[in-house]
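Trainee: sequence first, predicted coordinates after that:
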Amino acid sequence: MPDASIASPAARVEQVLSALRKTLPQQVSTVTSVREEHSHGEAMDAAQLPEAVVFAQSTDDVSRVLSLCHVHHVPVVAFGAGTSVEGHVTPPEHAISLDLSRMTDIVQFNPEDLDCRVQAGLTRQELNSRIRDSGLFFPVDPGGEATLGGMCATRASGTAAVKYGTMKENVLGLTVVLASGEIIRTGGRVRKSSTGYDLTSLFIGSEGTLGVITEAQLRLYGLPEAVAAAVCQFETVDEAVRTAVEVIQYGIPVARVELADEVQMAACIAYSHLDELRPLPTLFFEFTGGPAAVREQVEATESLARENGGLGFDWADTPEERTRLWKARHNAYWAARAIEPTALVISTDCIVPISRLAELIDGVRHDIRESGLRAAMVGHVGDGNFHTLILTENTSEGRKRLLDLDRKIVARALALDGSCSGEHGVGLGKLEFLETEHGAGALNVMRTIKKAMDPLNILNPGKLIPQEKGTCP
Ligand SMILES: Cc1cc2nc3c(=O)[nH]c(=O)nc-3n(C[C@H](O)[C@H](O)[C@H](O)COP(=O)(O)OP(=O)(O)OC[C@H]3O[C@@H](n4cnc5c(N)ncnc54)[C@H](O)[C@@H]3O)c2cc1C
């Protein structure tokens, strides 16, 4: 084994690349535009070019890359679709970006057991389009066109989590390549098992810091017999939030309930030309089940909305009408960004227990007013989770004001027994909040796990776990 400690970082990368050019000649790229695409994710991430991008086509390819990087001490950042928003995929210096987006097979499809096994680079949209004729679907639906491997790695969720849960509840097992290049399988196909440590859960949400996921065994669900959508506008955010909270507390089994505040709605109306809506706080609902059950859910929700001051309740059950009703919500992120296309933007992602949601939103609106910044709120309020898209001028002063507001919002959520991120994850952007959220003891357990599984710190170094005070990165 070569002594990696005496070669320079650039020389070590070159050793890895020259070996890979022999074994995977068509899969290594050092073209600048390809490196640029892999230098950052979405949102306000700092960019750093990887030295090269390697496109894996199999678990064995991933194993080959990691074995070489391990021997030569070269950092590796797994890359799915690059839609993460907290700097997750920004490489450190002298690193390789390992792109899994060519691994798009459905390895197994077991409709009789409602599960399938997929390669990590498949997107959830593509999975659902390939299995649509079977009457089954995979329900976790983050807004970006993300890969299922990336979704596992960030423990993603989306608008349907209120009914179906997140990646944590919907992944039964994984194939993972460890830092040394060793390939392991975790979990299996069964719905429950009480044997051993739950390694699947350990990798779900590990952001590429413990291993590279190459396959995932996923739960599937039957497409609902009936679906209805509804939109209800309110004079105040408080009325809308009260309605959403009561819908959950009364146990109405909504499939989706999303809030957009008046700033977000004004942006959506302008962006998607939605003349029938007003720039007022708005709830978007989806109901699924048998036709009678859907009808009951619609009626119960409408009555709660009316009691809380809802201004009408527009609902529909045909696909075209449902799409029309949800159009504003679907384009919310891009609509908010279009408010000021050159602005710096971050999207907060805090979450609290549902009973604390009204208090949090009220406090956040106060903080936004006090900051003088423009911010739009949109979110998965059925889970107690929402995003504040904060916009500011692209200057260092603007950046500081934006981060100050972000910190205030997170502090409020943590004080209400919440978390700084319901779904986006930690990456680089949320590192500073982890100790307050988890405590020093839990953080040290995370560091111990990381050291045991990746002693050379080559897997996405610097992400997810904040550096110990007084140590070098
Ligand atoms: C418009 C928009 C809307 C969004 N809405 C949501 C939302 O509703 N809910 C939500 O949860 N997120 C949302 N996101 C964030 C993003 O889509 C998710 O974080 C998603 O899970 C990232 O998947 P990806 O394939 O793009 O992963 P990437 O961004 O490529 O990678 C994310 C992290 O996972 C690691 N990784 C990627 N693939 C693997 C692998 N195979 N094995 C190990 N590690 C890996 C990377 O190293 C990185 O740390 C949104 C983003 C955008 C731009």
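Mentor: Here it is on my side, so go on. Numbers count the residues shown, from 1 in each chain.

Trainee: up against the ligand, what does this structure have?
Mentor: 41-42, 77-85, 88-89, 100, 120, 142-144, 146-147, 149-151, 153-154, 156-158, 207-208, 212-213, 333, 423-424, 460, 463 (C-beta under 6 Å from any ligand atom). (C-beta placed from N, C-alpha, C; glycine too.)

Trainee: what does the domain assignment say about the chain?
Mentor: 4-99, 106-222, 226-330, 335-415 (automatic domain parsing).

Trainee: mean neighbour count for those domains - can I get that in CSV?
Mentor: As requested, those are exported to CSV (neighbours: other C-beta atoms under 10 Å):
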stretch, mean neighbour count
domain 4-99, 20
domain 106-222, 20
domain 226-330, 19
domain 335-415, 19
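
Trainee: which one of the ones you listed lies closest to Asn444?
Mentor: Nearest of the domains of the chain to Asn444, taken as C-beta to C-beta: domain 106-222 at 15.5 Å.

Trainee: and the closest one, end to end?
Mentor: Length of domain 106-222, first residue to last, C-alpha to C-alpha, to the nearest Å: 18 Å.

Trainee: could you give the average pLDDT over that domain?
Mentor: Across domain 106-222, pLDDT averages out at 97.

Trainee: what about the strands in the stretch 351-473 of the chain?
Mentor: Listed in chain order, the strands of the stretch 351-473 of the chain (DSSP state E, counting those that start in this stretch) span 374-379, 387-392.

Trainee: how much space between the residue in the stretch 301-450 of the chain that the ligand sits nearest to and Ala161?
Mentor: Across the stretch 301-450 of the chain, the shortest distance to the ligand (C-beta to the nearest ligand atom) belongs to Glu423, at 3.3 Å. From Glu423 over to Ala161 the distance is 8 Å, taken as C-beta to C-beta, to the nearest Å.

Trainee: overlap in contacts of those two?
Mentor: His380, Asn385 (C-beta atoms under 8 Å, 6 or more residues apart in numbering).

Trainee: below-threshold pLDDT in this structure: ranges please.
Mentor: 1-5, 470-473 (pLDDT under 70).

Trainee: kindly recompute the last result at 50.
Mentor: Scanning the chain for pLDDT under 50 picks out the ranges 1.

Trainee: in it, where's the longest helix?
Mentor: Determined from DSSP state H, the single longest helix within the chain is helix 396-415.

Trainee: which residues touch the closest residue to Gly418 other than its chain neighbours?
Mentor: What sits nearest to Gly418 in space, not counting adjacent residues and going by C-beta to C-beta, 6 or more residues apart in numbering, is Val352, at 3.6 Å. Contacts were defined as C-beta under 8 Å, 6+ apart; by that measure Val352 touches Leu360, Gly384, Ala413, Leu416, Asp417, Gly418.

Trainee: quick check: Ile131 touching Leu122?
Mentor: No. Counting by C-beta atoms under 8 Å, Ile131 stays clear of Leu122, with 10.9 Å between them.

Trainee: if I look at those two, which residues touch both of them?
Mentor: Common neighbours of Ile131 and Leu122 (C-beta under 8 Å, 6+ apart) are Ile106.

Trainee: just the strands from the stretch 51-200 of the chain, written as ranges.
Mentor: Under DSSP E, counting those that start in this stretch, the stretch 51-200 of the chain gives strands at 52-55, 76-79, 96-99, 106-110, 115-119, 136-137, 171-177, 183-187.

Trainee: mind checking which of the ones you listed is nearest Val298?
Mentor: That would be strand 136-137 among the strands of the stretch 51-200 of the chain, by C-beta to C-beta, at 21.7 Å.

Trainee: I'd like to know which elements that closest one is packed against.
Mentor: Packed against strand 136-137 by the contact rule (3 or more C-beta pairs under 8 Å, 6 or more residues apart in numbering; DSSP states H and E) you find strand 221-222.

Trainee: strand partners of the strand it packs on, parallel vs antiparallel please.
Mentor: Within its sheet, and counting by DSSP bridges, strand 221-222 is paired with strand 136-137 (antiparallel).

Trainee: name the surrounding residues that touch the partner strand.
Mentor: Pro111, Leu114, Asn128, Ile131, Leu220, Tyr221, Gly222, Leu223.

Trainee: these two touch, right, the first one and Ser134?
Mentor: Yes. Assessed by C-beta under 8 Å, Pro111 is found in contact with Ser134 at 5.1 Å.

Trainee: stretch 18-36: end-to-end distance?
Mentor: The first-to-last residue distance of stretch 18-36 comes to 21 Å (C-alpha to C-alpha).

Trainee: please renumber so the chain begins at 204
Mentor: Taking 204 as the first residue, the last one we looked at is stretch 221-239.

Trainee: what's the closest non-adjacent residue to Thr226?
Mentor: Nearest one to Thr226, counting by C-beta to C-beta, 6+ apart, is Arg267 at 6.1 Å.

Trainee: hmm, I typed the wrong one, I wanted Phe490.
Mentor: Gln500 (4.2 Å).

Trainee: quick check, the residue in the stretch 304-453 of the chain closest to the ligand?
Mentor: For the stretch 304-453 of the chain, C-beta to the nearest ligand atom, closest residue to the ligand: Gly353, 2.2 Å.
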